[in-house]
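Peer 1: fold the stuff below for me.
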Amino acid sequence: MNERTDWFPTTREKQLEKARTWIHVLLPGNPPPFGVPQGEAEGLKTITDEAGNSLELAVSGDRTPVIIAKCRDDFNHLKKKMRFIKSRYFIGLTDAELASLGLRPHKAHSPIPPPEGFPEADVSYPGVHTLDLRLRPVAGQPTFDMRSGYGYRIYWGVMPPGGATVEAAIGEKRELMKPPTSGKELSYSRWTRRRKERFKFDGDSGKTVFFCIRYENSKGEVGEFGPLFSAIIP
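Peer 2: Numbering: from 1, shown residues only. Below is the predicted model of the structure:
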């Protein structure tokens, strides 16, 4: 079977089962598991519930051609949503994390050496509450390549002026009480192979966001943390 296409079950009952497995893992998420925003997870739940309701009607004695067509559309929508989440947020997960989502572990291919180097990024400000990080290739390491087993894990955390209160530090946003001294102290992380990553910080204008990046391969092996850097959220 093709590992790229056999992740989505063939029967609608199994498709709902897998979608509900993802929802169970992703909701509630504090912090969001695997970097999946709460809005994405809640959107998946809404679409899954709608598909489940459509299937019940489609197999009932009251089904009509319109109901059957709506059921087909709802399941196509479900597959599209799950494919997006899988391709955007489930890259670089460990075999155990994949198993929790009902996905197959990575196949063993040619050995991938542990990553090295100290990655950095250039920051730009495309809009209000928004920052772009343009990742720099690490000297002596493989370049960005979707066929490669390498990527970057970006760590970040937000600190309000003067530092967060204890309540804010342990709250939903896990804000920082003081400037970090290591990437280990940052609240969130995201794994990527993309050349540019966009971060949105709604409602956080004027706060400082700290970033730190390290090289990581698809086996979860990591290099050293790169230098900390920061930016003021516009």
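
Peer 1: okay, now residue 163: neighbour count?
Peer 2: 14 (other CB atoms under 10 Å). C-beta coordinates here come from the backbone N, C-alpha and C atoms, glycine included.

Peer 1: so what's it closest to, chain neighbours aside?
Peer 2: residue 177 (4.6 Å; CB to CB, 6 or more residues apart in numbering).

Peer 1: cool, and residue 159?
Peer 2: Spatial nearest neighbour of residue 159, chain neighbours left out: residue 176 (3.8 Å); criterion: CB to CB, 6+ apart.

Peer 1: was I right about that neighbour contacting residue 156?
Peer 2: No: using CB atoms under 8 Å, residue 176 is not in contact with residue 156, being 10.0 Å away.

Peer 1: name the residues contacting each of those two.
Peer 2: Each of 186, 187, 210 lies in contact with both residue 176 and residue 156 under the rule CB atoms under 8 Å, 6 or more residues apart in numbering.

Peer 1: are any of those residues buried, and which?
Peer 2: 186, 187, 210 (16 or more other CB atoms under 10 Å).

Peer 1: buried stuff in the helix or strand bottoming out on mean pLDDT in the chain?
Peer 2: None of the helices or strands of the chain scores lower by mean pLDDT, DSSP states H and E than helix 95-100, at a mean of 84. Using 16+ other CB under 10 Å as the test for burial, helix 95-100 gives 97, 100.

Peer 1: helix or strand next in line after it, which one?
Peer 2: Under the assignment DSSP states H and E, the closest C-terminal helix or strand after helix 95-100 is strand 121-127.

Peer 1: quick check: neighbours of the helix or strand following that following strand in the sheet, parallel or antiparallel?
Peer 2: For strand 121-127, the following helix or strand on the C-terminal side (DSSP H and E) is strand 130-135. Sheet partners assigned to strand 130-135 using DSSP bridges are listed as strand 121-127 (antiparallel), strand 196-200 (antiparallel).

Peer 1: could you list the low-pLDDT ranges of this protein?
Peer 2: Along the chain, segments meeting pLDDT under 70 span 1-5, 29-32, 106-114, 138-149, 218.

Peer 1: if we can go back for a sec, what's next to the least confident helix or strand of the chain, contact-wise?
Peer 2: Helix 95-100 has contacts (CB under 8 Å, 6+ apart) with 25, 34, 90, 104, 105, 106.

Peer 1: just among these, which is most surrounded?
Peer 2: Among these, residue 34 has the most neighbours (other CB under 10 Å), with 21 neighbours.

Peer 1: hey, which helix is longest across this protein?
Peer 2: Criterion DSSP state H: the longest helix present in the chain is helix 65-89.

Peer 1: so which residues make contact with that helix?
Peer 2: 7-8, 12, 15, 18-19, 22, 34-36, 40, 43-44, 47-48, 50-51, 54-55, 57-58, 103.

Peer 1: before we move on, what about stretch 121-129?
Peer 2: 131-136, 154, 198, 200-205, 211, 213, 229, 231, 233-234.

Peer 1: filter these down to the buried ones.
Peer 2: Looking at those with 16+ other CB under 10 Å, the buried ones turn out to be 131, 133, 135, 154, 201, 204, 211, 213, 231, 233.

Peer 1: looking at it, the second one is touching residue 196, isn't it?
Peer 2: Read that as residue 133. Yes: with contacts counted by CB under 8 Å, residue 133 reaches residue 196, the gap being 6.9 Å.
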